[in-house]
Structure formats: structure tokens, C-alpha cells
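Participant: Let's see this in three dimensions:
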Amino acid sequence: MMLESPLFAALSALLLWWASTGVLLWRVHVADRGHGDQHTLSVILGLPLFAAGVLGVNATLGDPSALGVWLAFLSALALWGWIELAFLSGVITGPNQAPCPPGLRGARRFWSAFATIAWHELALLATLVTLGAATWGAENAFAFWTFALLFGARISAKLNLFLGVPRINTDFLPRPLAHLSGYFRQGPVSGFFPVSVTLLALTTGCFIERIVSATTPGATVGFTLLAALSALALLEHWFMVWRVRDDKLWRWLLPDAQPTQPKRLQEDSHGL
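Facilitator: Presented below is the predicted three-dimensional model:
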């Protein structure tokens with residue numbers, strides 16, 4: 001069966017990563033060009049996606065088959081996608097909506113930056129904990145592991161943007177999040193970058209080892225999906241360093257897109 005094929009799973013993970021990112025970017029940029037309620041409307045209309053994710057996780061807890069694993073994986077992506085839509089739309093962000101004050105450094109800069117995304121991070125953490133409790137001891141826990149991998153990779157990426165990386169693209173920042181660019185630091189990588197890419201590489205290797213030792217089609221598919229997702233997260237981290245315009249993967253979907261703010265990260269950002 002195609003659903004039991006590791007190659008199909010790996011290619012599908014790549015396609016889902018590209019397509020889901022493109023759909024989110026398209027929607028928030030369309031909303032940017034509409035009236036003031038468009039972003040809120042996006043989040044409301046996206047609620048069935050979140051509901052489908054909840055129902056999907058619940059339906060797959062006792063199904064370790066390849067189909068059950070696929071549905072669990074897609075359900076986790078649905079939960080993640082709605083929360084990200086709410087974040088990009090400016091509905092679930094944080095109590096701080098102001099740009100980074102000039103000269104802010106150290107712990108004060110960190111907590112100010114955290115306050116811009118606090119509610120979003122807490123929403124992700126609450127969902128992760130809920131998934132952990134729901135899948136504890138279940139035959140199919142791939143929804144939890146999918147969400148946990150996305151959560152860890154996203155935290156790592158945000159810390160790298162905060163601490164410093166050479167390549168930062170702010171063209172895709174929607175209007176409600178334009179103030180975040182002041183908390184990015186464009187420059188040499190920090191000591192955290194090699195740690196983060198090493199951990200992601202080891203995570204990918206661990207999932208590959210699990211594929212080799214898997215004894216059921218469901219486990220093979222599940223760990224293939226996780227390995228592919230982890231490898232893509234690793235690639236996204238390297239995009240912060242390589243002279244590669246990864247935005248070209250999605251820019252053609254947004255023919256009328258304009259940068260949300262001037263590219264002055266070096267002037268507007270402040271180190272630790």
C-alpha cells in the first residue's frame with residue numbers, strides 16, 4: 001500500500017511542509033491587504049481546522065496502523081497550523097506590541113522579546129502538554145511526537161533569530177508582527193547555533209535508526225515522517241546561514257506581496 005511506503009511518507013512530508021507554509025503566508029498577506037477584521041476572520045474561519053485536529057488525535061489513539069499514524073500526523077499539523085495562523089494574524093501573540101527600544105540589552109531585551117510572543121508560546125505549550133496527557137500509554141502517540149518536534153524546532157529557530165544569525169528575511173512578516181524584526185539580531189552566529197543544528201542532526205539520526213528497527217508498517221511510516229520533518233527543520237536552520245534565498249520557494253504564491261518594513265535589521269537590532 002502507498003500509505004505504508006517510507007518513500008511516499010518522506011516525499012509527502014516535504015510537500016506538506018512547502019504547501020502548508022505557502023497557504024499560511026498567502027492567507028495572512030491577503031488579510032494584510034484587506035480591512036482591519038480580515039486577520040481575525042482568518043482565525044475564526046480556521047477553527048474547523050483546529051477542531052479536525054482534536055477529533056483526529058482522539059480517533060487515532062488506539063490505531064497504530066499506517067493509516068492511523070498518517071491521520072495522527074495530519075491532526076498534529078492541523079493543530080499546529082491553526083495556532084500559527086492565529087499568531088501570524090496577530091490574534092495570539094503577547095502583551096508587548098511595541099518595537100524593541102533602542103539600546104535594550106541582556107535580560108531586559110530577552111524578556112521584552114518574550115513578551116511579544118508569550119501567549120503564542122503558552123498556547124503551543126498547553127497544546128503539547130494536553131497531547132502528552134492524551135497519548136500517554138496510547139498505541140499511537142505520533143500526534144504528540146509530531147507536535148513536540150515542531151515545538152522544539154520552532155523554539156530553537158526563535159532563539160537563533162534572537163541571539164544572532166547572518167541571514168534574516170523579514171519580507172514575509174505580516175503587518176501585525178512587523179514590530180518583531182527589532183528583536184532579531186543579524187550578525188555572526190552565536191554559540192547556540194552549532195548546538196541547535198547538532199541536536200537536530202542527532203534527532204534526525206535517531207528517527208532514522210528507529211525506521212531501520214521498526215517492526216510494523218505504522219512505526220516505519222511514523223518515524224519516516226518524523227525524520228523528514230526533523231531534516232526539514234535542520235535545513236531551515238541552515239537557511240539562516242547559507243546565502244540561499246529560501247523565500248523564493250513561496251514568493252511566487254504572493255505576486256503582489258510587498259515587504260512589511262524596510263530591511264534595516266543591522267541598524268534596528270541590538271546585541272545581548
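
Participant: can you pull the buried residues of stretch 230-242?
Facilitator: Residues 230-234, 236-237, 239-240 are the ones in stretch 230-242 that count as buried (16 or more other CB atoms under 10 Å). All C-beta spots, glycine's among them, are computed from the backbone N, C-alpha and C.

Participant: Keeping just the C-alphas, turn it into PDB.
Facilitator: Below are the C-alpha coordinates for stretch 230-242, written out as PDB (Å, rounded to 0.1, in the frame of the first residue of the first chain):
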ATOM      1  CA  SER A 230      13.400  16.900  11.600                       C
ATOM      2  CA  ALA A 231      15.600  17.100   8.500                       C
ATOM      3  CA  LEU A 232      13.500  20.000   7.100                       C
ATOM      4  CA  ALA A 233      13.800  21.800  10.400                       C
ATOM      5  CA  LEU A 234      17.600  21.300  10.200                       C
ATOM      6  CA  LEU A 235      17.500  22.700   6.600                       C
ATOM      7  CA  GLU A 236      15.600  25.700   7.800                       C
ATOM      8  CA  HIS A 237      18.200  26.400  10.400                       C
ATOM      9  CA  TRP A 238      21.000  26.300   7.800                       C
ATOM     10  CA  PHE A 239      19.000  28.800   5.600                       C
ATOM     11  CA  MET A 240      19.800  31.300   8.400                       C
ATOM     12  CA  VAL A 241      23.500  30.900   7.500                       C
ATOM     13  CA  TRP A 242      23.700  30.000   3.800                       C
END
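
Participant: tell me the average confidence for that stretch?
Facilitator: Averaging pLDDT along stretch 230-242 yields 92.

Participant: List of residues touching it?
Facilitator: 13-14, 17, 149-150, 153, 156-157, 160-161, 165-168, 189, 193, 196-197, 200-201, 203-204, 207, 246 (CB atoms under 8 Å, 6 or more residues apart in numbering).

Participant: Could you identify the buried members of the residues you listed?
Facilitator: Buried, going by 16+ other CB under 10 Å: 13, 17, 149-150, 153, 156-157, 160-161, 165, 168, 189, 193, 196-197, 200, 203-204, 207, out of these.

Participant: Could you report the distance from the closest residue to residue 127 other than its chain neighbours to residue 143?
Facilitator: In space, and not counting its chain neighbours, residue 127 is closest to residue 79: 5.9 Å by CB to CB, 6 or more residues apart in numbering. Residue 79 sits 8 Å away from residue 143, going by CB to CB, to the nearest Å.

Participant: what does residue 125 give?
Facilitator: For residue 125 relative to residue 143 (CB to CB), the value is 16 Å.

Participant: Tell me the confidence at residue 171?
Facilitator: With respect to pLDDT, residue 171 scores 74.

Participant: same thing with residue 270?
Facilitator: In this model, residue 270 is scored at 33, pLDDT.

Participant: ditto for residue 40
Facilitator: At residue 40, the model reports a pLDDT of 89.

Participant: Now do the contacts for it.
Facilitator: Neighbours of residue 40 in contact, by CB under 8 Å, 6+ apart: 89, 91.

Participant: pretty sure residue 180 is touching residue 112, no?
Facilitator: No: in this structure residue 180 lies outside contact range of residue 112 using CB atoms under 8 Å: 11.3 Å.

Participant: The two - which one has more neighbours?
Facilitator: residue 180 (22 against 18; other CB atoms under 10 Å).

Participant: ok, back up a step: more neighbours: residue 125 and residue 143, which one.
Facilitator: Neighbour totals were compared for residue 125 and residue 143, and residue 143 leads with 30 against 12 (other CB under 10 Å).

Participant: The more buried one and residue 234: what is the separation?
Facilitator: Distance, residue 143 to residue 234, by CB to CB: 22 Å.

Participant: for residue 140, helix, strand, or coil?
Facilitator: Of the three states, residue 140 takes coil under DSSP: H, G, I helix; E, B strand; the rest coil.

Participant: what's the neighbour count on it?
Facilitator: 23.

Participant: State the distance from it to residue 75.
Facilitator: Distance, residue 140 to residue 75, using CB to CB: 10 Å.

Participant: ok, now residue 62?
Facilitator: For residue 62, the distance to residue 75 - CB to CB - is 14 Å.
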